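Participant: build the 3D model from these lines:
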Amino acid sequence: MQTVTLDEAQKHLAELVRELGREGELLITDAEKPVARLSAVTTTAARTSIHAEVEAITGLVPPDGDPEGEYRRHLHNKHR
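Facilitator: Numbers count the residues shown, from 1 in each chain. Have a look, this model is predicted:
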């Protein structure tokens, strides 16, 4: 994991964000203490996160291959 200071992150944010695809994560420090971590978002990670949230709230798991937006609308209409 790459580590940069807060000042470096502010000066080079666009470049650092583009590099996240290769690096995966970036640790930002201030006064030599970790203050933030940036990580790349992948479609799979985002979908997994949404599925976990839906399951935690409803006890249901969206079927594989079902777009999350359609599944959310289905749940919303079901509980009206």
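Participant: ok, Leu26 to His12 distance?
Facilitator: Look at Leu26 and His12: by Cβ to Cβ, to the nearest Å, they are 11 Å apart. The way it works is simple: take the backbone N, C-alpha and C, and place the C-beta from them, glycine included.
Participant: got any residues that touch both of the two?
Facilitator: Among the neighbours of Leu26, those also in contact with His12 (Cβ atoms under 8 Å, 6 or more residues apart in numbering) are Val4.
Participant: between the two, which one's more packed in?
Facilitator: The residue with the greater number of neighbours, taking Leu26 and His12 and applying other Cβ atoms under 10 Å, is Leu26; the counts read 20 against 12.
Participant: sec struct for the more buried one, please.
Facilitator: Following DSSP: H, G, I helix; E, B strand; the rest coil, the label given to Leu26 is strand.
Participant: list the contacts for the closest residue to Leu16 other than its chain neighbours?
Facilitator: In space, not counting the residues next to it along the chain, Leu16 is nearest to Leu26; the distance is 5.8 Å by Cβ to Cβ, 6 or more residues apart in numbering. Under the criterion of Cβ under 8 Å, 6+ apart, the neighbours of Leu26 are 1-4, 9, 16, 19-20, 37-39.
Participant: mind redoing it with 7 Å?
Facilitator: Applying Cβ atoms under 7 Å, 6 or more residues apart in numbering to Leu26 gives the contacts 1-2, 4, 16, 20, 37-38.
Participant: pLDDT wise, what is it at?
Facilitator: Among the per-residue scores, Leu26 shows a pLDDT of 89.
Participant: now Val35
Facilitator: Looking at Val35, its pLDDT reads 93.
Participant: that one: what's it in contact with?
Facilitator: 6, 28-29.
Participant: those into JSON lines, with extra columns for distance to His74 and neighbour count?
Facilitator: What follows is the contacts of Val35, written out as JSON lines (distance: Cβ to Cβ, whole Å; neighbours: other Cβ atoms under 10 Å):
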{"residue": "Leu6", "distance to His74": "43", "neighbour count": "13"}
{"residue": "Ile28", "distance to His74": "39", "neighbour count": "20"}
{"residue": "Thr29", "distance to His74": "44", "neighbour count": "16"}
